[in-house]
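A.B. asks: quick one: sequence and predicted model below, then my questions.
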Amino acid sequence: MATEINEVLGLRDSAAAQPLTEATNAQLEEQQKVANYKLLCKTLRPAGIGSIVFGIVGIGMGFATMEDNPLNAGLAIIGFFLLVEGVWIAAAPSPPGLIVDGIALIILGLWNIGITLGGNGGAGMFLFLGIWQIVLGGKSFARYGRFSKLPMSKGA
């Protein structure tokens, strides 16, 4: 890449071109970090908003149906976890947020599969939804590798 930059600028491989190449590479690295941070925000903020919405729904449904089945308290707990996780990743997106989002999605997916197999309704829809959430949780873990080297603060 440095050779291509030198050719575009009309420079030969010389000692004079070396500082320019190092400066250009540093600028490109910094721009890549900024682009990765923006992509991380673009990925996590909508996920956080979704977690907030589903967290509120989970808390409401969990408490509303707890008398019918005490296991629904688990849904309220999952809802609370989703709410807290959603607020965190929407307000302060960071690479560890991908891991927590993946964990939240997998827990929710396992819950949806569990209620489907337990015979508590919506067999096809909740089974499909649970599988989809587990896959998305796995993808969140996979994305962590790309973003794990990002600085933890916006100003860094």
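C.D. replies: All right, it came through fine. Residues are numbered from 1 along each chain as shown.
A.B. asks: now Ser148: closest residue in space, sequence neighbours ignored.
C.D. replies: Nearest non-adjacent residue to Ser148, counting by C-beta to C-beta, 6 or more residues apart in numbering: Pro95, 5.0 Å away. No exception for glycine: its C-beta is placed from N, CA and C like everyone else's.
A.B. asks: what about that neighbour, distance to Leu83?
C.D. replies: Look at Pro95 and Leu83: by C-beta to C-beta, to the nearest Å, they are 21 Å apart.
A.B. asks: again with Ala90
C.D. replies: Ala90 is 11 Å from Leu83, by C-beta to C-beta.
A.B. asks: what touches both of these two?
C.D. replies: Counting by C-beta atoms under 8 Å, 6 or more residues apart in numbering, the contacts common to Ala90 and Leu83 are Ser51, Ile52.
A.B. asks: the residue nearest to Ser148: neighbour count?
C.D. replies: Here the count is done by other C-beta atoms under 10 Å, and Pro95 has 20 residues near it.
A.B. asks: not counting sequence-adjacent ones, nearest residue to Val100?
C.D. replies: Using C-beta to C-beta, 6+ apart, the closest residue to Val100 is Glu85 (5.3 Å).
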